[in-house]
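In: Make a model of this:
(one chain, ligands or ions: 1)
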Amino acid sequence: MEKNDIKKKELVHETVLLKETVDGLNLKKGDTVFDGTLGGGGHSAYVAEKFGTAVKIIAVDRDSEALQRAEERLKSLKANYSLVLSDYRNIDKALDAVKVEKVQGIILDLGLSSNQLDESGRGFSFKNNEPLYMTFAAPDDKLLLTAKIILNQWAEETLADIIYGYGDERYARRIAKKIIEYRKVKPVEMTWELVDIIGGAVPAVYKRGKIHFATKTFQAIRMAVNDELGALKDGLEKGIKKLSTGGRMSVISFHSGEDRIVKNFFRDLAKEKKVILINKKPIIASEQEIRKNPRARSAKLRIIEKNNKQMSNQKDKRINNCEPLKKWFWSFIMVLIICLFSYGYCVRTAIVNIVERQNMESELSTLDSKVQILEAEYFKAKNSVTPELAQTMGFVSATDQKFVARDNKDSGLSFLTPGN
Ligand SMILES: C[S@@+](CC[C@H](N)C(=O)[O-])C[C@H]1O[C@@H](n2cnc3c(N)ncnc32)[C@H](O)[C@@H]1O
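Out: So this is what the prediction gives:
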């Protein structure tokens, strides 16, 4: 590709979470910010628009074409900047090169730019049939690892692990097997060859899915070519050392593996009180931004501030002062819960007692009326029997007024019979 072509390009990378990332750094006049992923220069340009020359920008990118393009943009603004062709994992060396010891802000906007995806001709996208380089750095370096090398020289097991690990591709083993079969006949060289190989490995139903069936494999190979997760781990570790006390770091990730590294790194430092998490949950793009730029959908922004002893002591004090209050609050809540339960139990018992009493009273009144009926029956029966029959039935004396209840088993009725 001719370098002059760059000027003709119209496409401008749409920066994700622009204000959230830069405003979250809390920069002040006199500060220096390190943009580790310059790309289209969107974040750096916003710093320049906001602070003019009052904030110094040191920006790096592995891609010389990106540096060239971004410089055109920054040149047109009133900005104080130094651009260095470098990997952000070498932040220490890049800062040494411009004689800067510490910075007050660091920006990492991971992954690749729209320019690289659509126009670089390096095989990032399968929309065009391009050679399979997939390198962030321009592929004129003969020592550079490329997608071609990985696809044609790496072992089947390693390919499968990469495609599964970096791409979350469930058909990773089948795809790796097909790549090996293919390269026995000829080397895999172009993007459309790789798309055909993947298409031959995955089931037909998978090809009708929402995302293109080759997307995950392409992403995985790109991440392996550029050692993106390795660069991120190094960049975070070295970056925190190069951040001055009270300085902030904003990191935007687009992949779950990347976000996990950032989250765990920040969390561990926060536990050691070396940083403060500015946002506990990642900041994500608004619906409006996603509508304008669908790439923003998977973006997660995490920001930390490098801690200083004074601040952490103050925070500790604040926490310690709150401790007794917290204990009182929870004790109060516990007592309240116990009281409510006891009250509820008493009310329930009282209601049960009232209901039982009413039931008993109604049963008693039923029994009373039965007794009256039986008494009436008894007197009727007694008046209608002869003395002989009364004798046979067991009535001892018609004048005896003392009765006891006894079951008359023959008639099945309960009679009142005279006792002794
Ligand atoms: C998403 S773009 C950045 C876009 C930029 N923030 C903007 O607003 O225009 C990512 C850029 O980071 C670069 N990059 C990725 N990994 C890198 C690394 N390890 N070191 C330096 N640059 C890297 C890529 O070449 C790409 O240009």
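
In: from the stretch 201-350 of the chain, which residue is nearest to the ligand?
Out: Across the stretch 201-350 of the chain, no residue is closer to the ligand than residue 231, which sits at 3.8 Å (C-beta to the nearest ligand atom). Yep, even glycine has a C-beta here, placed from its N, CA and C like the rest.

In: What is the burial count for that residue?
Out: Neighbour count for residue 231, taken as other C-beta atoms under 10 Å: 20.

In: wait, isn't it in contact with residue 88?
Out: Yes. Residue 231 sits in contact with residue 88 when judged by C-beta atoms under 8 Å, with a separation of 6.8 Å.

In: residues of the longest strand seen in the chain that come out buried?
Out: If you go by DSSP state E, the chain has its longest strand at strand 243-253. When burial is assessed from 16 or more other C-beta atoms under 10 Å, strand 243-253 yields the following buried residues: 243, 247, 248, 249, 250, 251, 252, 253.

In: again, but for stretch 360-376
Out: Buried residues in stretch 360-376, counted by 16+ other C-beta under 10 Å: none are found.

In: Let me know the average pLDDT across that stretch.
Out: Stretch 360-376 shows a mean pLDDT of 74.

In: Stretch 104-118 too?
Out: Across stretch 104-118, the average pLDDT comes to 96.

In: For that stretch, buried residues please.
Out: 104-117.

In: any shared contact partners between residue 231 and residue 88?
Out: Here residue 231 and residue 88 have no joint contacts, going by C-beta atoms under 8 Å, 6 or more residues apart in numbering.

In: rewinding a little: elements contacting the longest strand of the chain?
Out: helix 18-23, strand 103-109, helix 228-242, helix 256-271, strand 300-306 (3 or more C-beta pairs under 8 Å, 6 or more residues apart in numbering; DSSP states H and E).

In: Partner strands of it and their direction?
Out: As defined by DSSP bridges, the strand partners of strand 243-253 come to strand 103-109 (parallel), strand 300-306 (antiparallel).

In: Can I get these in TSV including distance to residue 63?
Out: Output for those, formatted as TSV (distance: least, C-beta to C-beta, whole Å):
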stretch	distance to residue 63
strand 103-109	13
strand 300-306	22
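
In: Redo the helices and strands packed on strand 243-253 as CSV? Include distance to residue 327.
Out: As requested, the helices and strands packed on strand 243-253 are exported to CSV (distance: least, C-beta to C-beta, whole Å):
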stretch, distance to residue 327
helix 18-23, 37
strand 103-109, 39
helix 228-242, 35
helix 256-271, 23
strand 300-306, 30
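
In: about what we covered before: identify the residues contacting the longest strand of the chain?
Out: Contacts of strand 243-253 (C-beta under 8 Å, 6+ apart): 16-17, 20-22, 24-26, 102-111, 236, 239-240, 259, 262, 278, 299-308, 311.

In: Hmm, residue 25 is touching residue 107, no?
Out: Yes. Residue 25 lies in contact with residue 107 (C-beta under 8 Å); the separation is 7.4 Å.
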